[in-house]
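1. Provided below are the primary sequence and the corresponding predicted coordinates.
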Amino acid sequence: MKLIHLTDTHIVPKGETLYGRNPAIMLEQCIGDINENHSDANLCVITGDLTHWGELESFHYLKTELDKLSIPVQLLIGNHDSRAEFAELFPSQYPQATKFMQSYRIVDTGVFLFLDTVQEGHHKGWYCQERLNWLNDALHASRGRHIYIFMHHPPFDIGITALDNIGFVNSTDFREVLEPYIPLVRHIFFGHIHRPLAGSWLGMPISSLPSLNHQVRLDIDKNIPLYGKFEPPMYAVVLISPESVIIHNHQFADDSAEFDMANPPITDWATKKHRL
Ligand SMILES: [Fe+2]
Ligand SMILES: [Fe+2]
């Protein structure tokens, strides 16, 4: 199975900019690259902060751009989005949802869980009792299949203080529900942090990606406000098999020179008798 993961598109209404940029331009470039190189992917998942201010105009602009994507897409909401506007523009994303934008999908390689960690009016992530009950039922229904979790907020601290300050509030409750299923969780994909990141939590592999528009400066354990940067955006190509989950982070907007490694351009190093 081939999956595309991207996150934090932060779309603003057409004609407006965010930190001096139009986020839709980067999304369009990203979609063009996916269509050209990964039109065989099974699914593209965008892990939240689809828009920056959550208004209908932004969701509408997002929809116009996503209509160009040649593969199916699953959208999650983030703290910058709003449920009502999202549900109005994308009614087919969560047709069963009555309150929260969550779903459960059985795929060849296991079960995908798409979670809603948004507490409207707050930037912090929150997973209330109603959602914990839903998660508990979904995990129970997975019946021993491999589990892949997609969410906006990571349910743990990452070491960047300003981001941890707008992190997941009730990590302990979430962890308690998840704990019996940890051996089955093959990966947790999330957004929110606007940086490439990989590692593990309680033994479960985790990863995130830069935003498509703006990034967060790497300030580990410094009690200072968030600083933005324009480091390169990425999307991830995720190859899932019964044995492995392989994640290729792709800087799709990179325009550095390419060359044939068997016939490199003449350079100082190439004229020397070094062997690769
Ligand atoms: Fe974001
Ligand atoms: Fe976020």
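-> Sure thing, it's come through. Numbers count the residues shown, from 1 in each chain. Ligands and ions are numbered 1, 2, ... in the order given.
2. can you pull the contacts of whatever residue of the stretch 1-150 of the chain ends up closest to ligand 1?
-> Taking CB to the ion as the measure, the stretch 1-150 of the chain has residue 49 as its residue closest to ligand 1, at 3.3 Å. Quick note: C-beta positions are derived from backbone N, CA and C, even for glycine. Neighbour list for residue 49: 7, 8, 9, 10, 78, 79, 80, 81, 152, 191, 192, 211 [criterion: CB atoms under 8 Å, 6 or more residues apart in numbering].
3. rerun at 7 Å
-> For residue 49, the contacting residues are 8, 10, 78, 79, 80, 81, 152, 191, 192, taking CB atoms under 7 Å, 6 or more residues apart in numbering as the criterion.
4. you'd agree the first one is in a strand?
-> No - assessed by DSSP: H, G, I helix; E, B strand; the rest coil, residue 8 does not belong to a strand; its assignment is coil.
5. ok so, going back, which single one of the contacts of residue 49 is nearest to residue 265?
-> Looking at the contacts of residue 49 and their distance to residue 265, the nearest is residue 8, at 36.7 Å (CB to CB).
6. Tell me which residues touch that closest one, please.
-> Residue 8 neighbours (CB under 7 Å, 6+ apart): 48, 49, 78, 191, 194, 211, 212.
7. again, 6 Å this time
-> For residue 8, the residues meeting the contact criterion (CB atoms under 6 Å, 6 or more residues apart in numbering) are 49, 191, 194, 211.
8. Pick the one among those residues closest to ligand 1.
-> Scanning these for proximity to ligand 1, where the rule is CB to the ion, the winner is residue 49, at 3.3 Å.
9. Is that closest one in a helix, a strand, or coil?
-> Residue 49 carries the three-state label coil when classified by three-state DSSP.
10. all strands for the stretch 151-276 of the chain, in order.
-> Assigned by DSSP state E, counting those that start in this stretch, the stretch 151-276 of the chain shows strands spanning 185-190, 197-201, 204-208, 215-216, 228-229, 235-240, 245-250.
11. tell me the most buried of these?
-> Of all the strands of the stretch 151-276 of the chain, strand 185-190 carries the top mean neighbour count, a mean of 24, counting by mean count of other CB atoms under 10 Å.
12. the inter-axis angle of that strand versus strand 204-208?
-> Interaxial angle of strand 185-190 relative to strand 204-208 (axes from the mean of the first three to the mean of the last three CA atoms, to 10 degrees): 20 degrees.
13. Check what pLDDT residue 130 gets.
-> The score at residue 130 is 96. That number is its pLDDT.
14. which helices and strands does whatever helix or strand it lives in pack with?
-> Assigned by DSSP states H and E, residue 130 belongs to helix 129-141. Packed against helix 129-141 by the contact rule (3 or more CB pairs under 6 Å, 6 or more residues apart in numbering; DSSP states H and E) you find helix 171-178.
15. now the host helix or strand of residue 45: mean pLDDT?
-> Secondary structure assigned from DSSP H and E places residue 45 in strand 43-47. Per-residue pLDDT over strand 43-47 has a mean of 98.
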